[in-house]
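Engineer: Based on what follows, work out the 3D shape:
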Amino acid sequence: MSTQGIEQMLSLLRSTAAQASGKAAEATPVAGAPDFAQVLKNSLDKVNQTQKQSTQMAEKMVAGDSTQNLHEVMIALQTASISFQEMVQVRNKIVTAYQDVMNMQV
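Structural biologist: Below you'll find the model as predicted:
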């Protein structure tokens, strides 16, 4: 089990607590840790691409394109739907975590 993410979160919480108390923050970034914003952006882009692809497949199917298989179109639409629902749940968890951190007493 990797503790890299936990160490990164603890470092962020320590620096936030130090800033709130007026002390200089101790910058101790974890080497090799992925940038959260970049990971989130990549995930959103992937969900967006999945939705665009499924929409294009459905439009071709409706237009009468004989190369589109109904099963593949339905699977693509369901995959896009599930990935969007997953993204919404991740967003909800992030908002809840943010609210929990903001409600912590320092």
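Engineer: can you pull the buried residues of the helix or strand where Ala37 lies?
Structural biologist: Using DSSP states H and E, the element containing Ala37 is helix 36-62. Of the residues in helix 36-62, Val47, Thr50, Gln51, Ser54, Met57, Ala58, Met61 count as buried by neighbour count, 16 or more other C-beta atoms under 10 Å. For glycine as for every other residue, the C-beta is placed from the backbone atoms N, C-alpha and C.
Engineer: Distance of the first one relative to Phe84?
Structural biologist: It refers to Val47. Distance, Val47 to Phe84, using C-beta to C-beta, to the nearest Å: 6 Å.
Engineer: roughly how far apart are the residue nearest in space to the middle of the chain and Met87?
Structural biologist: Taking C-alpha atoms, centre = their mean, the centroid of the chain lies closest to Leu40, which sits 3.9 Å from it. Applying C-beta to C-beta, the value for Leu40 to Met87 is 10 Å.
Engineer: I'd guessed Thr50 sits against Gln78; true?
Structural biologist: No: using C-beta atoms under 8 Å, Thr50 is not in contact with Gln78; the gap is 10.6 Å.
Engineer: Now tabulate the buried residues of helix 36-62 in a markdown table and tack on distance to Asp100 and pLDDT.
Structural biologist: Converted to a markdown table, the buried residues of helix 36-62 look like this (distance: C-beta to C-beta, whole Å; pLDDT from 0 to 100):
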| residue | distance to Asp100 | pLDDT |
| --- | --- | --- |
| Val47 | 25 | 93 |
| Thr50 | 30 | 94 |
| Gln51 | 30 | 95 |
| Ser54 | 35 | 94 |
| Met57 | 40 | 93 |
| Ala58 | 40 | 93 |
| Met61 | 45 | 91 |
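Engineer: Since that was my last question, I'll sign off now.
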